[in-house]
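# sharing a model that was predicted from the sequence below.
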Amino acid sequence: MLTLINTRRSVRKWIEKPVSETDIHDIVEAGMNAPSAGNEQAWQMIVLTDKALMEKISATNKNIATLRNAPAAILVCGDLNAQKYDGYYVHDCCAATENILLAIHAKGLGGVWGNVFPDHAEGFRQLLNIPADIIPFSIIPFGHIDGVPAYESRFNPQKLHFNQW
């Protein structure tokens, strides 16, 4: 398990091969099994596979231009009506996003965390008909990897402190 966590890297290049519905389901399920504040699971998710729509989205957000080349993507959204504690949907969505990235890697696929909130949330809301109480938070384009990213441990003992600074 630690190897899976330690070797996950951001992937921005994929081959043109669809991701199976089973893999998409498993990845979304992993996202929805993330920890959440008060176990309220204050998220909603939109799976994207429509190439024309993904092209349109990538044209509006330079941070995720690679979306146009991805076979699939998951948009993680915060659900203001489901959060138990005000503002904690952000933590829930971060945990769900990381679980999704780990599940993608576990499937032998590659993905990247794309920025949506706060700068691009309104654009997503308009393009995808997202209600006002749902906050577009992150997007994870993913697919079959075009080349394996290099692994080098990021552990840095200079950033580790015990009991005090």
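That came through, no problem. Numbering: from 1, shown residues only.
# measure L109 to A59 for me?
Going from L109 to A59 by C-beta to C-beta, to the nearest Å gives 24 Å. C-beta here means a position set from N, CA and C on the backbone, and glycine is covered the same way.
# those two: who's more crowded?
Remark: of L109 and A59, L109 carries more neighbours, 20 against 11, as counted by other C-beta atoms under 10 Å.
# who are the contact partners of the residue lying closest to the more buried one once chain neighbours are set aside?
Closest residue in space to L109, ignoring its immediate chain neighbours: F142 at 5.5 Å, by C-beta to C-beta, 6 or more residues apart in numbering. F142 makes contact with 11, 14, 19, 27, 70-74, 104, 109-112, according to C-beta atoms under 8 Å, 6 or more residues apart in numbering.
# am I right that F142 is in a strand?
Yes. Under DSSP: H, G, I helix; E, B strand; the rest coil, F142 sits within a strand.
# can you tell me the closest non-neighbouring residue to L75?
In this structure, L75 finds its nearest non-sequential neighbour in I46, 4.3 Å apart by C-beta to C-beta, 6+ apart.
# does that neighbour touch I57 like I think?
No. At 10.8 Å, I46 does not count as touching I57 under the criterion of C-beta atoms under 8 Å.
# looking at those two, which is more packed in?
Counted by other C-beta under 10 Å, I46 and I57 do not tie: I57 has more neighbours, with 26 against 16.
# residues contacting that one?
48, 64, 67, 123-124, 127, 139.
# and for Q44?
By C-beta under 8 Å, 6+ apart, the residues touching Q44 are 77-79, 134.
# which single one of those residues is nearest to N156?
If you rank the contacts of Q44 by distance to N156 using C-beta to C-beta, G78 comes first, at 31.4 Å.
# helix, strand or coil for the closest one?
strand.
# now the residue lying closest to it once chain neighbours are set aside: phi and psi?
Among residues not flanking G78 along the chain, Y89 sits closest, at 3.4 Å (C-beta to C-beta, 6+ apart). Recorded main-chain torsions at Y89 are phi -60, psi -30, according to degrees, to the nearest 10.
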